[in-house]
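In: Below are the sequence and a predicted model; questions follow.
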Amino acid sequence: MMEPPLFRGFKPIADAFDENAEIVLYQGGVNDLLTQVPDDSISLIVTSPPYNLGKEYEDRVSIERYLETQASVIAHLYRVLRHDGSICWQVGNFVEDGEVYPLDTLYYPIFKRLGLKLRNRIIWRFGHGLHASKRFSGRYETILWFTKSENYVFNLDAVRVPAKYPGKRHFKGPNRGELSGNPLGKNPSDVWEIMAQEWEEAIWDIPNVKSNHPEKTDHPCQFPIELVERCVLALTNEGDWVFDPYMGVGTSVVAAVMRNRRALGSDQEAEYVQLARERLVAYFNGTLRYRPLGKPVYEPTGREKVSQMPEEWKQNAQASLLERPEKYE
Ligand SMILES: C[S@@+](CC[C@H](N)C(=O)[O-])C[C@H]1O[C@@H](n2cnc3c(N)ncnc32)[C@H](O)[C@@H]1O
């Protein structure tokens, strides 16, 4: 996988849609921006919409009302999507009175009614998060990838990952003895292990792990650049428009610019739009810290102090389970 270029020219950032612009950061509601965007113009819409969880940027409403509002936005997004374009809708769960509503299952009929075709339901798996006490702790969210038609862009070679056994050969049939894999690597599959939080080196001693991810800003639910980068590389070509209607601090915009795509984003909060602008400027200056696409997830070696069983737990039942892991392999 090729790294983004090291030497970058600064590109102007417009604040309203202009089809000749390369980057547009719009501060305001997505519906207002959509009135400026022509039909059939956007190659990829990639976003993590508000989840109706009552975060600082949203008012919590009934799930029915939330979905109605989103359905109306999605109908407009459909209009601006190119005939060969894709939508990647990244969501987790809405939780009310302890009951879990998987948002992707509620969104699916909205897209399907418009005639969009599901190509993958991608599992984004991460190792850390809140510890639940009355249900299993949630460790994944999903991305629904839909296309507008049968004729869509899919650049598999741009996102292949290293094969585990590149030297594997066919052991029977007409190709017996020949290499069975692809020299460019393997298909990354529909389960993506991409870190939301980085657990490396010094982080082991610092309680607030989240703030140590190299990309973390003040936004409460930012997604990683590499998650969007993979969608951008696979589903668009250079020069295409990538649009994040709920861009937060501009993660999708940064990912698109890094890969020489044109980038459009909107957010209603001025503070987030300003952070998005600062991240872009840092990218152009070469000072943006980000986790590169394809970097392996850190595995503890067992030597870190924090991965060893504390003295005070050694007597209890959980300690005896953990000290004999071979029984559970
Ligand atoms: C889940 S966050 C997206 C975070 C983003 N993926 C990132 O990495 O920063 C959803 C965002 O939608 C914005 N938002 C909510 N309603 C909006 C609307 N009607 N128009 C534009 N932005 C909106 C919120 O301010 C919030 O930043």
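Out: Sure thing, it's come through.
In: how about the residues of the stretch 1-150 of the chain near the ligand?
Out: G29, V30, S48, P50, Y57, E58 (Cβ under 6 Å from any ligand atom). All C-beta spots, glycine's among them, are computed from the backbone N, C-alpha and C.
In: Tell me which two of the residues you listed sit farthest apart.
Out: Pairwise distances across these (Cβ to Cβ) peak at 16.8 Å, for the pair G29 and S48.
In: Please say which of the two ends up with more neighbours.
Out: Legend: neighbour count by other Cβ atoms under 10 Å for G29 and S48, higher for S48 (23 against 13).
In: excluding its backbone neighbours, what's nearest the more buried one?
Out: Q90 (4.3 Å; Cβ to Cβ, 6 or more residues apart in numbering).
In: tell me the phi and psi of that neighbour?
Out: With angles defined as degrees, to the nearest 10, Q90 sits at phi -100, psi 120.
In: Pull the number of nearby residues for it.
Out: For Q90, the neighbour count with other Cβ under 10 Å is 22.
In: again, but for L106
Out: With other Cβ under 10 Å as criterion, L106 counts 16.
In: Give the helix, strand or coil label for it.
Out: Assigned by DSSP: H, G, I helix; E, B strand; the rest coil, the conformation of L106 is helix.
In: quick one: it and the ligand, what's the gap?
Out: 16 Å (Cβ to the nearest ligand atom, to the nearest Å).
In: Now do the same contact list for that residue.
Out: L106 makes contact with I63, L67, F94, according to Cβ atoms under 8 Å, 6 or more residues apart in numbering.
In: from the middle of its chain, how far away would the helix or strand where the last one lies be?
Out: Following DSSP states H and E, one finds F94 within strand 93-96. Centroid displacement of strand 93-96 relative to its chain, using Cα atoms, centre = their mean, to the nearest Å, is 20 Å.
In: One more: stretch 76-85?
Out: Put simply, stretch 76-85 sits 20 Å off its chain's centre (Cα atoms, centre = their mean).
In: Quick one: end-to-end distance for that stretch.
Out: This stretch, stretch 76-85, spans 14 Å end to end (Cα to Cα, to the nearest Å).
In: Would you indicate which residues of it are buried?
Out: The neighbour-count check on stretch 76-85 (16 or more other Cβ atoms under 10 Å) flags H76, L77, Y78, V80, L81, R82, D84, G85 as buried.
In: now, the most widely separated pair of those?
Out: H76 and D84 (19.0 Å).
In: Would you mind listing what in the stretch 151-300 of the chain touches the ligand?
Out: Contacts of the stretch 151-300 of the chain with the ligand, taken as Cβ under 6 Å from any ligand atom, map to 219, 221-223, 246-249, 251, 266-269, 272.
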